[in-house]
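Asker: Here is a sequence together with a model predicted from it:
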Amino acid sequence: MTRAIDPAIRPEYILPLAAGASAGRRLRSGQAWRGWLVRSSVRKGLLLAALAIIWELAARWQNNDLLLPGFLQTAHAFAEGLLTGELPQRVGASLAVLAQGYAAGIAAALLLTAVAVLTRTGRDLLETCVAMFNPLPAIALLPLAMLWFGLGKASLIFVIVHAVLWPLALSTYAGFSSVPETLRMAGRNYGLKGLPFVFDILIPAALPAILSGLKIGWAFAWRTLIAAELVFGAASGQGGLGWYIFQNRNELYTDKVFAGLAAVILIGLAVENLVFATIERNTIRRWGMQK
Amino acid sequence: MAPQTLHLVGQQPLLRAESVTLEYGSATGRTPSAPGAGIVRAAEDVSFDVHEGDRFILLGPSGCGKSSLLRAAGGFLAPAAGRMTIDGVAVTGPGPDRIAVFQEFDQLPPWKTVLQNVMFPLLKARRLSRHEARDVAMHWIARIGLERFAHAYPHTLSGGMKQRVAIARALAMRSRVLLMDEPFAALDALTRRRMQEELGQLWEEERFTLLFVTHSIEEALIVGNRILLLSPHPGRVRAELNAHQFGMHSAGSAEFQSAAQRIHELLFDQPSASQADDAERIAL
């Protein structure tokens, strides 16, 4: 009747405890080559080279230096700009303004969010202000800034602060709100409250969100600055990168315009891949807060 | 065991809950847009005394308010009625005299190494110098057997190791009472066993005072010397029992099984109250 099959009874066995861990395998040479291709920096480099070749070919086919200078011509103008010192000087002028505006924006954002997490009025203020001002393009405030602060650094800094403040405040506040309840209780358990609580618990715990806010703020600030410099630049006789682009377009040095644009892109890439990547590697990745 | 019990009666309790009622709801601003749906009563008229050196267990099914009671003792939650006192002084907020160990692993700041984690409250709350804090922290890290991982970040540790760090961090503070909220509930069964054993050993050596929340009858009997049974919705006291006679070694014994069975019946309302009273007298 019972069709069930009992599994066979097998002998037991116990192995002696093995000492030491087994060594990992080594990559074979073929795998090493494939590993090199798998690295994203290599793949991206190849992609960029391909794009440069296409650009150069398109420029030669178009054959009009005024409209579209080729990659080699742009590279030449770029190198020339570097050697004469004009480009570094313009970049320096832009970055100096940017650094001041960015720092002021960060300070304002931190102050605003600290008040927002500590008081209810501060929270209402932050939510209202972010809702109103975050969708407003910073460059749209430039005419007003020029009216208030004149054609100078102050106007540029004003629009940069506006570009940085709201996105950074928004993501910092979101980061603070998502700090785990347990971690908050642990902090309060040690008697931390007020600003020490913000600095010892909330800011490090919200660092992934804060860093992403800083990245967004940086990108907004950089593009706002270049755009603002296109409108006015040489007020104090020392224009920035945007002014360099504008000026050279007026004089129909299109290759220099391209060189200026390349500088804008290169600086953006450098900040993203060197500055922020280094910060992330040494903080949130090291701590396992971001994969 | 009787003389010890008699001795304790004359002593002033360390932590005391006096008719504590705990409520969650619109009062705390969590659900401002739900009129009437508001208030949930987590615990009602709960009283208990924790004496120095106790391993006092709050035991009950989910919804009995045991974690809320522990939070009230920690000062994280203000009672709607009644009060918690420590050394006769009412608890008004969190403080380093009552260090808590939670179930969640994220109680350890991920940006601090094991050593920095243990040092953190020593620097902030006990205001030790960096040098002293380091020595104290290393001592406790050695006690829990994690010297090799002193400079590791929490995300590289296993769950059991993380809880050990949290326990070391709490013990290093030498607080008046340790509050543990199901600290082993998120661990696998084998690790949990070992952690219960280690906690018992640490208590043997240090004799700290412990308020421990659990929903496991076995864990309550193994870890505790005194168990407060709570019934759910809202949390009310069902019984207060002794468990000092049980430890890790007695986990399989007949008395242990019958004690577990008795608690089970009390929690799930089987026998009459008089039977429970009889049993209580026998246990004493």
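Answerer: Right, received. Where do you want to start? Because the structure is a prediction, the values reported are computed rather than measured.

Asker: going forward, measure contacts and count neighbours with C-alpha atoms only.
Answerer: Noted.

Asker: quick one, longest helix in the chain?
Answerer: Picking chain A for this. Of all the segments of type helix in chain A, defined by DSSP state H, the longest one is helix A:86-118.

Asker: Hmm, no, I was thinking of chain B.
Answerer: Assigned via DSSP H, chain B shows its longest helix as helix B:189-206.

Asker: Restricting to C-alpha, output that one in PDB.
Answerer: Extracted in PDB, the C-alpha atoms of helix B:189-206 (Å, rounded to 0.1, in the frame of the first residue of the first chain):
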ATOM      1  CA  ALA B 189      19.200  31.400  16.700                       C
ATOM      2  CA  LEU B 190      22.800  30.100  17.200                       C
ATOM      3  CA  THR B 191      24.200  33.600  17.600                       C
ATOM      4  CA  ARG B 192      21.400  34.600  19.900                       C
ATOM      5  CA  ARG B 193      22.100  31.600  22.200                       C
ATOM      6  CA  ARG B 194      25.700  32.700  22.400                       C
ATOM      7  CA  MET B 195      24.900  36.300  23.100                       C
ATOM      8  CA  GLN B 196      22.500  35.300  25.900                       C
ATOM      9  CA  GLU B 197      25.300  33.300  27.400                       C
ATOM     10  CA  GLU B 198      27.800  36.100  27.100                       C
ATOM     11  CA  LEU B 199      25.500  38.600  28.600                       C
ATOM     12  CA  GLY B 200      25.000  36.300  31.600                       C
ATOM     13  CA  GLN B 201      28.700  36.000  32.000                       C
ATOM     14  CA  LEU B 202      29.200  39.800  31.800                       C
ATOM     15  CA  TRP B 203      26.500  40.200  34.500                       C
ATOM     16  CA  GLU B 204      28.200  37.600  36.700                       C
ATOM     17  CA  GLU B 205      31.400  39.700  36.600                       C
ATOM     18  CA  GLU B 206      30.000  43.200  36.600                       C
END
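
Asker: before we move on, the earlier item: and the longest helix of chain A, what's buried?
Answerer: By neighbour count on 16 or more other CA atoms under 10 Å in any protein chain shown, the buried set for helix A:86-118 is A:87-91, A:94-95, A:97-99, A:101-106, A:108-110, A:112-117.

Asker: What is that helix packed up against?
Answerer: helix A:71-84, helix A:120-133, helix A:153-177, helix A:207-231, helix A:241-250 (3 or more CA pairs under 8 Å, 6 or more residues apart in numbering or on different chains; DSSP states H and E).

Asker: Would you mind saying which of those lies nearest chain B?
Answerer: helix A:207-231 (9.7 Å; CA to the nearest CA).

Asker: hmm, who's touching that closest one?
Answerer: Helix A:207-231 is contacted by residues A:94, A:98, A:102, A:138-139, A:142, A:156, A:159-161, A:163-165, A:167-172, A:174-175, A:203, A:239-243, A:245-246, A:268, A:272, A:276, A:280, A:284, A:289-290 when judged by CA atoms under 8 Å, 6 or more residues apart in numbering or on different chains.

Asker: try stretch A:79-92
Answerer: A:78, A:238-241, A:244, A:256, A:260, A:263.
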